[in-house]
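Colleague: take a look and give me a structure for this.
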Amino acid sequence: MQSFNPNELYRYTALGRAIDPINYRSNLYIVLLTPAAGIVAGLVTLLNGGDLGAAVAAGFFTAAAVFIAWVYTRDIDPDYNASAFLAAAATLVTAPAPLVIISLAALAPMLRVVSRIVGPVPRLPEYIGVLVLLGIASVLDGGLVALAALVGFLLDARLPQATRWAWIGVGMSAALAVVGFVLQPLVITLPSVPYLLLGLGLLVAFGWAIWSSRSFTSTCDDPMVTVCGERIQAAMGVVAAVCLLSMAGGDALMQAYAPAWGSIVGVLLWRAKLLIAR
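Modeller: Numbers count the residues shown, from 1 in each chain. Next up, the predicted model:
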């Protein structure tokens with residue numbers, strides 16, 4: 001009987017990606033870096049006079065921010081592993097700010113629906129699973145991530161290998177966004193000047209990165225499927241949409257979506273390095 005290979009998850013799901021620290025050194029690094037960042041953040045909190053509860057919270061949010069930023073960037077910049085680690089490092093700037101964990105978790109499979117980085121076309125049960133996550137996020141965190149998902153589903157419906165399930169996603173994510181904003185109203189708050197200027201600057205630069213990212217040399221997790229440049233660009237656009245929407249909630253909401261911002265920073269830093277090298 002053939003043993004299960006975690007790197008062949010594409011045989012079973014279009015949304016799951018393996019983290020194999022044994023065979024991939026870069027994955028080993030993130031497995032080690034994630035808890036290390038959390039431990040350091042917790043210790044710093046204790047040394048600064050925080051209690052044990054504050055230290056645990058700081059450690060959890062820091063570790064989560066580092067890992068989630070790495071996951072996002074791994075999906076939207078598949079040719080460059082370094083971008084993902086730069087993104088993980090960038091999130092430490094705002095750590096340990098509280099995160100909207102459920103919304104951030106819901107965004108990860110949404111990006112894979114759009115990017116198809118795993119390889120296979122998602123099936124109806126997988127679309128339903130993503131919508132369930134978006135529903136939970138909308139109830140607990142508000143409708144922001146569902147609104148960004150609406151953009152993602154619209155793009156998914158218009159891109160190569162589109163499925164009719166994408167239009168179900170469009171309708172459901174719109175409804176979930178309305179429900180989320182009713183249950184958790186978004187109080188429009190202008191970011192402080194430094195956050196506003198930094199956010200707008202990053203989004204403009206990232207717009208250039210999206211436009212210039214037209215082709216990729218990587219394969220999907222399924223080695224027989226090539227990466228679709230248009231779909232990677234679309235997934236990058238969904239990340240940009242999340243960040244832009246987070247600016248409506250001021251500094252606190254921007255910090256709550258720190259992994260998405262960190263992902264943008266990671267991509268831009270590596271693009272800057274490539275430009276300098278040329």
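Colleague: measure Ile76 to Leu196 for me?
Modeller: 24 Å (CB to CB, to the nearest Å). In this view, the C-beta of every residue, glycine as well, is placed from N, C-alpha and C.
Colleague: the more surrounded of the two?
Modeller: Ile76 (29 against 15; other CB atoms under 10 Å).
Colleague: that one reaches Ser263, doesn't it?
Modeller: Yes. Judged on CB atoms under 8 Å, Ile76 makes contact with Ser263 at a distance of 6.7 Å.
Colleague: what sits in contact with each of those two?
Modeller: Common neighbours of Ile76 and Ser263 are listed as Val239 (criterion: CB atoms under 8 Å, 6 or more residues apart in numbering).
Colleague: would you map the helices across the stretch 51-200 of the chain?
Modeller: 52-76, 81-91, 101-115, 124-141, 144-158, 165-183, 193-212 (DSSP state H, counting those that start in this stretch).
Colleague: of these, which is nearest Val44?
Modeller: For the helices of the stretch 51-200 of the chain, the distance to Val44 is smallest for helix 52-76, at 7.4 Å, taking CB to CB.
Colleague: helices or strands up against that closest one?
Modeller: Under the contact criterion of 3 or more CB pairs under 8 Å, 6 or more residues apart in numbering; DSSP states H and E, helix 52-76 touches helix 25-47, helix 81-91, helix 101-115, helix 229-246, helix 258-277.
Colleague: how does it look with 10 Å?
Modeller: Contacts defined by 3 or more CB pairs under 10 Å, 6 or more residues apart in numbering; DSSP states H and E place helix 52-76 against helix 25-47, helix 81-91, helix 101-115, helix 229-246, helix 250-256, helix 258-277.
Colleague: possible to save those as TSV with mean neighbour count and mean pLDDT?
Modeller: Formatted as TSV, the helices and strands packed on helix 52-76 follow (neighbours: other CB atoms under 10 Å; pLDDT from 0 to 100):
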stretch	mean neighbour count	mean pLDDT
helix 25-47	16	92
helix 81-91	24	94
helix 101-115	24	96
helix 229-246	22	97
helix 250-256	19	95
helix 258-277	21	94
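Colleague: before we move on, back to that, export the helices of the stretch 51-200 of the chain to JSON lines and tack on distance to Ala258?
Modeller: What follows is the helices of the stretch 51-200 of the chain, written out as JSON lines (distance: least, CB to CB, whole Å):
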{"stretch": "helix 52-76", "distance to Ala258": "5"}
{"stretch": "helix 81-91", "distance to Ala258": "5"}
{"stretch": "helix 101-115", "distance to Ala258": "9"}
{"stretch": "helix 124-141", "distance to Ala258": "14"}
{"stretch": "helix 144-158", "distance to Ala258": "14"}
{"stretch": "helix 165-183", "distance to Ala258": "20"}
{"stretch": "helix 193-212", "distance to Ala258": "12"}
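Colleague: Thr226: which of these is closest?
Modeller: The nearest among those, by CB to CB, is helix 101-115 at 12.7 Å.
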